[in-house]
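Trainee: Here you go, sequence then predicted model.
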Amino acid sequence: MNNKKIKVAFLIILITLIAVSCKSKEGFKKLFSKEEELEIIRSDDLEFEITDESGMRRTILYFKDKQGLLVPLMKKIPWEEGIAKSALENMIDSPELRESIAATGLIPIIPAGTEIRGMTIDEETGLCKVDFSKEVLNYETEKDEENLIKGVVYTLTEFQSIDEVQFLVDGEPIPVMKYGTDMSNPIKRENINLALDTEDQRSKIVVYYKGVNYEEDYEYFVPITIPTLAPIPNVYTALEVLFDGPPMDLGLSSYIPQGTSFHGVDIKNGIAYIDISFDYGDPPNDPQVFNNMIKNIGLTLSEFDEVEKVELLIDGKGIEELGLEFNIDTAIPAFANEY
């Protein structure tokens, strides 16, 4: 009889342990987290890249240029527990940061004096909650507000574990920013540098154009969101828009030479074969022209998972077939801008 009682007691304990272990992670977070202060519970993706330099990580941060456009910039920052928080801290305006990126002509988007008080990342939903100090609201214009929000969201969603971001100020959710941006729901990654917003649009694509800091002779790429009439975003439409050139009022250009026509694209085994022609005559005998074109095209096509490499065809013929012995990097670039 005693043996039976022992077995029953053991089964009850075992069932209780299983029930506890099956509770959601959210339940544990609520049990151990502090309501008044967010704890950093997760630092990074399961896989992260460390550079050859010991302890440094290639991390994409967002700044703005003198036209007020958001620009991604890969910087090497020290790896530490809580790397997503560290990424934001490397975007807070300060004399030291401005000096370090002076040659790019870019400007920080998070106001000086801002502190990142805490951060949580829900592994199951991809929601990241960031608690800022009140100094985060010390921006001056509606455009600054837009850049702050999108720059933070785009920086954090570069991490695979994060899909959307909720802003808190001094521990409290902020429903509306001071220039009217609705923050009642988490913000997702969309509409960076939106141009030509029209009512008859059916889809949007992101195209990369070239900006220049003439004072330091620094060139950089800018992602521009452009509405189109295409039913869904697609490679052909993206290239068509790229070859048409940037909107006139943005002060941007591209590495596509004037007089270059786009005829079509075919994707096979991850390679986008792009047929073009040079309307002004023979192809340029300069490998840098082709490398620049392919980088510009490759960044634009990086928005499409099915494309891994880019190869140019000139009037249907490959570069080698035309006798142009160039060493060209055909891979999709890992970063738009490095510094």
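Mentor: Thanks, I have the structure now. Values in this document were obtained by computation on a predicted structure and should not be read as measured data. Residues are numbered from 1 along each chain as shown.
Trainee: Which helix or strand lies directly C-terminal to the one helix or strand Gly118 maps to?
Mentor: Assessed by DSSP states H and E, Gly118 sits inside strand 116-121. Following strand 116-121 in sequence order, the next helix or strand is strand 127-132 (DSSP H and E).
Trainee: Taking strand 127-132 as reference, get the angle to the strand holding Gly118.
Mentor: Per axes from the mean of the first three to the mean of the last three CA atoms, to 10 degrees, the angle that strand 116-121 makes with strand 127-132 is 170 degrees.
Trainee: Just list what strand 116-121 packs against, helices and strands only.
Mentor: helix 83-89, strand 127-132 (3 or more CB pairs under 8 Å, 6 or more residues apart in numbering; DSSP states H and E). Every C-beta, even on glycine, is put in place using the N, C-alpha and C of the backbone.
Trainee: could those be laid out in TSV, adding mean pLDDT?
Mentor: TSV is the format used below for the helices and strands packed on strand 116-121 (pLDDT from 0 to 100):
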stretch	mean pLDDT
helix 83-89	96
strand 127-132	98
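Trainee: which one of the ones you listed lies closest to Ile256?
Mentor: Closest to Ile256 of the helices and strands packed on strand 116-121, according to CB to CB: helix 83-89, at 32.1 Å.
Trainee: And stretch 281-292, what's buried?
Mentor: For stretch 281-292, the neighbour count (16 or more other CB atoms under 10 Å) marks Pro283, Val289, Phe290, Asn291, Asn292 as buried.
Trainee: for stretch 129-144, same thing?
Mentor: Lys129, Val130, Asp131, Phe132, Ser133, Glu135, Val136, Tyr139, Asp144.
Trainee: my guess is the fifth one contacts Glu115, does it?
Mentor: Yes - counting by CB atoms under 8 Å, Glu115 is a contact partner of Ser133 at 4.1 Å.
Trainee: and the next element down the chain from the least confident helix or strand in the chain by mean pLDDT?
Mentor: Ranked by mean pLDDT, DSSP states H and E, the weakest helix or strand in the chain is helix 25-32, scoring a mean of 32. Counting by DSSP H and E, the next helix or strand C-terminal to helix 25-32 is strand 56-64.
Trainee: And the next helix or strand past that following strand?
Mentor: On the C-terminal side of strand 56-64, the closest following helix or strand by DSSP H and E is strand 70-78.
Trainee: For that next one, which residues meet the burial criterion?
Mentor: Neighbour-count burial for strand 70-78, counted by 16+ other CB under 10 Å, picks out Leu70, Val71, Pro72, Leu73, Met74, Lys75, Lys76, Ile77.
Trainee: Now pLDDT too, for those, in TSV please.
Mentor: As requested, those are exported to TSV (pLDDT from 0 to 100):
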residue	pLDDT
Leu70	98
Val71	98
Pro72	98
Leu73	98
Met74	96
Lys75	93
Lys76	92
Ile77	91
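Trainee: So for Asp217, what's the pLDDT?
Mentor: Asp217 is assigned a pLDDT of 87 by the prediction.
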